[in-house]
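A.B. asks: Return a 3D structure for these sequence lines:
(chains A and B, ligands or ions: 2)
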Amino acid sequence: MLKLNKRDTLLFVIVTALVLLAPFILNPFPQGSSMAQMFNAGYPDLMQRFVIFGILVIGFNILFGLTGYLSFGHAAFLGIGSYAAVWMFKLLSMNIIPAIILSMIVAGIFSLLIGYVSLRRSGIYFSILTLAFAQMSYNLAYSVLGNPASNYNLTNGETGLQLALNDPRILDGAAAANGALPVTNLFGLAMRDSFDWNIGGWLFTFNAGYYVAGILMLLSFYISIRIFRSPFGMMLRAVKSNQQRMNYTGLNTKPYTLAAFVISGMYAGLAGGLLSSMDPLAGAERMHWTASGEIVIMAILGGVGTLIGPIVGAGFNEYFKNILSKINDGVLHQWLSFLPDGLENFIVGILHYFVGKGWHLTLGLLFMMVIVFLPGGLVEGGQKLAKLFKRKKADTPDSKNTPAE
Amino acid sequence: MGILEVKNVGKRFGGLQALGDVNLSIAENSVHAIIGPNGAGKSTLLNCLVGKLIPDTGSVTFDGQSVLGRKPFEINQMGISRVFQTPEIFGDLSVLENMLIPCFAKRDGAFHLSAFKAMLDDKEIVERALHMLEEMNMVDKQDMHAAALSRGDKRRLEIGMCLSQEPRLLLLDEPTAGMARADTNNTIDLLKQISDERDITIAIIEHDMHVVFSLAQRITVLAQGTPLVEDTPDNIKGHPKVREAYLGETQTV
Ligand SMILES: Nc1ncnc2c1ncn2[C@@H]1O[C@H](COP(=O)(O)OP(=O)(O)OP(=O)(O)O)[C@@H](O)[C@H]1O
Ligand SMILES: [Mg+2]
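C.D. replies: Ligands and ions are numbered 1, 2, ... in the order given. Presented below is the predicted three-dimensional model:
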């Protein structure tokens, strides 16, 4: 189906189902219950982040996973895409299509330039170069090109680039006469529009922005599968495996790596454009080196070089960030109230540093554990579990249908 | 005129004159061996032919065209393939993929952006790769990780990869170094078969005299960066200068 082999088709169908059914899957607990407060994740903005960061990491994986070139500045393209989209909302139209297209084009041009220079080196020097470029972009956005007093205020510095009532918006005409800012939309369908479905005690929210981003993520995912299985994808893996042999086999590695760099830069641009499409506000912090680092972490968490890894990594990271930052001392006391008071206070005192504002610490520890015990990321963990499960099943003598493989 | 002409090539590494004044002509469709003691400059010479090193002086022409100043991939596309001392293959890829890559490189050139074509749908290329694996007796190993192959198989694969490009000149740097006797003999047979069946010129660097005398039609002896003699195997065997410089101490023929 879709020119994919059987396994890839199955994978794609599963991911499609997960994306389409996410509002159900992510809201397993009835509305208002304490479990729901903590563990439900089916809110529009969070779901949007799942799929948008999914796109970002899928693209990053095409570069890092296939060629092994570790870009430590990918957030630059995310930020550039965000700014480009907001400009499109200001100048042309609140329709997200032109915004997203410009995001990808601008990010593509930047990644062509940055990639061309950075790819002159490999290994750690390549990473440092990309980091340097990203920090330069960050500083340009934060101060040089963001001075509200200058004529070249492209980014609006610290405040961030946002919509204003007097923006030209050439195509939209004289809308928003009521004095409210217009909203981003897809041919009239507002991104923030949601359809709430109350059933039993449950509440499921179907958000337009989420589904637009989700469908674009599925498209991105499909393209990445095709790239993985193409001769081009094989060449990229060959670059990672043995550049020397590439060169002595008559292959010019530079355009291959540059193409991968630009493709992954454009994925990041798309992600940035989508972030702005969901919330038309672009700030320089999106380009900060910590944001670049988070992309690397998500990719490694999920499983570098695997198809599904980036989605798993992005989802895992966003989900736990969300939960952990919601847990505060009050919640901890509530959970541990069955313990004697002294012990309860003691444990809460320790856990305090790992939750709420301290969520970085817990995610850091999780990341460390994954690197140490599952160098192949969570995907490897899943594979190991599946194997274990299969073996157990096969070992049971009276199991009726042992999987034949 | 040979297919490969090396004229007055010299190469210095700091204070060390690795190559003095090398003149060498390799005749088309011959097997030409280059021998010499350790540090004689054999690998340096080879590196000058494939673009890994640029000689300080002299010229290298392949089929009438200069190779100097060209990048390794360009020189390969001219028709020169190289087998390394330790097999250089794509260890993370499957054996079949290893063979597909040179086939693509041969047909599509140094860069070709086919990002949406399914690789295995390219019947022409897959057939070519499988055919080559068959010749190398490795079809049954096509799905293996190349890194998991035995050393002898890695060498076979690397030679097969080079051959699938149909090069006019095949360069081998100590292809049997570190191999067991059986693997060495297999490699000799393979190379013999290759040179008999194809229009191909082979230049081989080798320490193992058994390999050299089984294969070569001409032998150049290199010592301290300069060719000492060049002759047929029979004459080389008895040559006093050669025995003194090389064979006498290290090998018994
Ligand atoms: N990149 C380099 N930089 C400095 N010196 C080098 C370099 N490559 C080779 N040499 C030196 O040049 C000389 C010739 O080396 P080369 O590797 O060509 O010898 P060889 O004939 O291949 O020897 P072997 O039989 O041991 O492989 C040696 O003394 C070596 O140390
Ligand atoms: Mg050598």
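A.B. asks: Can you tell me how far the residue located most distally from the centre of chain B is from B:S195?
C.D. replies: Among the C-alpha atoms of chain B, the one farthest from their average position, using CA atoms, centre = their mean, is that of B:F116, at 34.2 Å. Note on B:F116: its distance to B:S195, by CB to CB, to the nearest Å, is 40 Å. C-betas here are computed from N, CA, C, even on glycine.
A.B. asks: which stretches of the stretch 1-150 of chain B have low pLDDT?
C.D. replies: By pLDDT under 70, the stretch 1-150 of chain B has no low-scoring segment.
A.B. asks: Spatially nearest residue to the residue in the stretch 301-405 of chain A that chain B sits nearest to (excluding sequence neighbours)?
C.D. replies: For the stretch 301-405 of chain A, the residue closest to chain B is A:G305, as judged by CB to the nearest CB, at 9.2 Å. Spatially, and ignoring its direct neighbours in sequence, A:G305 is nearest to A:G65 (3.7 Å; CB to CB, 6 or more residues apart in numbering or on different chains).
A.B. asks: One more: A:L20?
C.D. replies: The shortest distance from A:L20 to any non-neighbouring residue, by CB to CB, 6+ apart, is to A:G214 (7.3 Å).
A.B. asks: now that neighbour, what's its secondary structure?
C.D. replies: Of the three states, A:G214 takes helix under DSSP: H, G, I helix; E, B strand; the rest coil.
A.B. asks: Chain B: strands as residue ranges?
C.D. replies: Ranges of strands in chain B, per DSSP state E, are B:4-13, B:16-26, B:31-35, B:57-62, B:65-66, B:80-83, B:169-173, B:201-205, B:218-223, B:226-231.
A.B. asks: Can you add mean neighbour count and distance to A:W197 and give these back as CSV?
C.D. replies: Shown next, in CSV, are those (neighbours: other CB atoms under 10 Å in any protein chain shown; distance: least, CB to CB, whole Å):
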stretch, mean neighbour count, distance to A:W197
strand B:4-13, 18, 75
strand B:16-26, 19, 78
strand B:31-35, 24, 78
strand B:57-62, 18, 72
strand B:65-66, 11, 72
strand B:80-83, 26, 65
strand B:169-173, 24, 69
strand B:201-205, 24, 74
strand B:218-223, 24, 82
strand B:226-231, 17, 86
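A.B. asks: how about those strands in CSV, adding distance to A:F53?
C.D. replies: Shown next, in CSV, are those (distance: least, CB to CB, whole Å):
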stretch, distance to A:F53
strand B:4-13, 51
strand B:16-26, 53
strand B:31-35, 57
strand B:57-62, 51
strand B:65-66, 52
strand B:80-83, 44
strand B:169-173, 48
strand B:201-205, 53
strand B:218-223, 59
strand B:226-231, 63
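A.B. asks: any chance of these in TSV, plus distance to ligand 1?
C.D. replies: Formatted as TSV, those follow (distance: least, CB to the nearest ligand atom, whole Å):
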stretch	distance to ligand 1
strand B:4-13	3
strand B:16-26	4
strand B:31-35	9
strand B:57-62	15
strand B:65-66	22
strand B:80-83	14
strand B:169-173	8
strand B:201-205	7
strand B:218-223	7
strand B:226-231	12
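A.B. asks: show me where chain A has strands.
C.D. replies: Under DSSP E, chain A gives strands at A:161-162, A:185-186, A:189-190, A:194-199, A:202-207, A:281-282.
A.B. asks: one step back: isn't the residue nearest to A:G305 up against A:A299?
C.D. replies: Yes - judged on CB atoms under 8 Å, A:G65 makes contact with A:A299 at a distance of 7.0 Å.
A.B. asks: Name the residues contacting each of those two.
C.D. replies: Common neighbours of A:G65 and A:A299, using CB atoms under 8 Å, 6 or more residues apart in numbering or on different chains, are A:309-310.
A.B. asks: Looking from ligand 1, tell me which residue of chain A is nearest.
C.D. replies: As assessed by CB to the nearest ligand atom, ligand 1 sits closest to A:Q244 within chain A, at 14.6 Å.
A.B. asks: ok, now which ones touch that residue?
C.D. replies: Counting by CB under 8 Å, 6+ apart, A:Q244 touches B:84, B:88.
A.B. asks: doesn't A:Y69 make contact with A:S122?
C.D. replies: Yes - in this structure, A:S122 is within contact of A:Y69 by CB under 8 Å, at 6.9 Å.
A.B. asks: Which one of the two is surrounded by more residues?
C.D. replies: Comparing A:S122 with A:Y69 by neighbour count (other CB atoms under 10 Å in any protein chain shown), the higher total belongs to A:Y69, at 23 against 17.
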